[in-house]
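Undergrad: sequence unknown, structure follows:
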């Protein structure tokens, strides 16, 4: 359907996502599940990291062993909900550089507005993974990618928990060179711009706010 979209259908990803969708799931459990599922999604989004070899000495002999090549990758959290995915990914990739893009959505126009931007240096020499649990209208995500490209990023991935067809199409239009990795492609957006069936507001559920 979308050649730039990868849906991770691993049984553990789908099971944990179902638990997160349930409205009775507590804030603490929701937060833990988001951390766990981000680890699993991270395996997929980092599949194409460049490799090289280095010489190591095992207890038995010297060998050329595989290792990551180039500068450490950059994880960019789209605030505030992106921090939930970021925490889990840092457990898997603790050496990654971290940046933040602060955007809020105008509830009337659904357009994004920037309030914060701080990213690692030399983005052009790193794989950059932008994370945000929900790809809804795609306006905020596209705006965040615009900023990352302006900062020099060239090799960008977008990782989300849920995506709506409208958001995927918007990202395809704005940034066809940016692959998207997600756990599910849901049905649609409602009149308020929320993903349906979705799981509600990821930030509110993760932080216990309304």
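TA: Good, I have the coordinates. From a predicted model like this one, the values you see are computed outputs, not experimental measurements.
Undergrad: which parts of the longest strand seen in the chain are buried?
TA: Determined from DSSP state E, the single longest strand within the chain is strand 97-105. If you call a residue buried by 16 or more other C-beta atoms under 10 Å, then strand 97-105 has these buried ones: 97, 99-103, 105. No exception for glycine: its C-beta is placed from N, CA and C like everyone else's.
Undergrad: which other helices and strands does it contact?
TA: Packing partners of strand 97-105 (3 or more C-beta pairs under 8 Å, 6 or more residues apart in numbering; DSSP states H and E): strand 74-79, helix 82-92, strand 112-118, helix 139-150.
Undergrad: determine which stretch of these is the most buried.
TA: strand 74-79 (a mean of 25; mean count of other C-beta atoms under 10 Å).
Undergrad: partner strands of that strand, with direction?
TA: When pairing is defined by DSSP bridges, strand 74-79 lines up against strand 97-105 (parallel), strand 127-131 (parallel).
Undergrad: one step back: switch the helices and strands packed on strand 97-105 over to TSV; also include distance to residue 195.
TA: Shown next, in TSV, are those (distance: least, C-beta to C-beta, whole Å):
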stretch	distance to residue 195
strand 74-79	15
helix 82-92	16
strand 112-118	16
helix 139-150	13
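Undergrad: ok so, going back, which of the strands paired with strand 74-79 sits closest to residue 67?
TA: strand 127-131 (15.1 Å; C-beta to C-beta).
Undergrad: any idea of the angle the closest one forms with helix 82-92?
TA: 140 degrees (axes from the mean of the first three to the mean of the last three C-alpha atoms, to 10 degrees).
Undergrad: what residues does strand 127-131 touch?
TA: Residues outside strand 127-131 that contact it (C-beta atoms under 8 Å, 6 or more residues apart in numbering): 38, 45-46, 48-50, 73-78, 82, 85-86, 89, 101, 141, 144-145, 148, 153, 155-160.
Undergrad: what angle separates the longest strand of the chain from helix 139-150?
TA: 140 degrees.
Undergrad: quick one: contacts of strand 97-105?
TA: Under C-beta under 8 Å, 6+ apart, the answer for strand 97-105 is 72-80, 82, 86, 90, 111-120, 126, 130, 137, 139-140, 143-144, 147-148, 193.
Undergrad: so for the residue lying farthest from the centre of the chain, what's the pLDDT?
TA: The C-alpha centroid of the chain is most remote from residue 60, which lies 40.5 Å away (C-alpha atoms, centre = their mean). According to the prediction, residue 60 has pLDDT 96.
Undergrad: kindly report the same for residue 110.
TA: Looking at residue 110, its pLDDT stands at 64.
Undergrad: list the contacts of the longest helix belonging to the chain.
TA: Using DSSP state H, we find that the single longest helix of the chain is helix 27-45. Identification of contacts with helix 27-45 by C-beta under 8 Å, 6+ apart yields 6, 8, 10, 12-13, 16-17, 19-20, 25, 84-89, 91-93, 129, 131, 133, 157, 159, 161, 181-183, 202, 205-208.
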